[in-house]
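Student: Kindly generate the corresponding structure for this input.
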Amino acid sequence: MDDWQLAFFSLFCLLALLLSLFALLAYSGLFSSVDPKTTNKPPIGSVVFAYKDGTGPYQNCGSYFSDSCSIAPTKKQMGIYYDDPEKVITFIHTCDQLFR
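Tutor: Next up is the predicted model:
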């Protein structure tokens, strides 16, 4: 390749890279505006939270839902799970740590 062909190819690659970067940023919404809206009432109405704390593997958490459904059968149920493999050792976590 001649020097001018190499310079032209380098410039073409640089422009293609910059155009791709601009397209990615535009697609991800960097250049769009955000219109925040506030409401007076929460969209879910009045909420009552109750919780039951437990520690153990995920497959043993069904009893917590059974207890909460027996206390409030008409209410919606939700579970929040925190994973702490240092605190709860299971066979899966042990195998996962062996192969790292």
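
Student: Give the residue spans of this protein that score low on pLDDT.
Tutor: Regions of the chain meeting the criterion pLDDT under 70 cover residues 1, 39, 42-43, 45, 84-100.

Student: Would you map the strands across it?
Tutor: Here the chain has no strands by DSSP state E.

Student: Now do the helices in it.
Tutor: For the chain, applying DSSP state H gives helices covering 3-27, 62-71, 91-98.

Student: Which of those helices has the highest mean neighbour count?
Tutor: Most buried of the helices of the chain, by mean neighbour count (mean count of other C-beta atoms under 10 Å): helix 62-71, with a mean of 12. No exception for glycine: its C-beta is placed from N, CA and C like everyone else's.

Student: any idea how the chain splits into domains?
Tutor: Per automatic domain parsing, the structural domains of the chain span 1-33, 58-98.

Student: Reformat those domains as CSV; add distance to V47.
Tutor: CSV is the format used below for these (distance: least, C-beta to C-beta, whole Å):
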stretch, distance to V47
domain 1-33, 31
domain 58-98, 10
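
Student: which one of those lies closest to F49?
Tutor: domain 58-98 (9.0 Å; C-beta to C-beta).

Student: before we move on, back to that, wait, which of the domains of the chain is closest to N40?
Tutor: With C-beta to C-beta as the measure, domain 58-98 is the member of these nearest N40 (22.8 Å).

Student: thinking again about what came up before, switch the helices of the chain over to JSON lines; also include distance to K41.
Tutor: Shown next, in JSON lines, are those (distance: least, C-beta to C-beta, whole Å):
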{"stretch": "helix 3-27", "distance to K41": "35"}
{"stretch": "helix 62-71", "distance to K41": "26"}
{"stretch": "helix 91-98", "distance to K41": "43"}
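
Student: among the ones you listed, which is nearest T55?
Tutor: Ranking those by distance to T55, with C-beta to C-beta as the measure, places helix 62-71 first at 11.0 Å.
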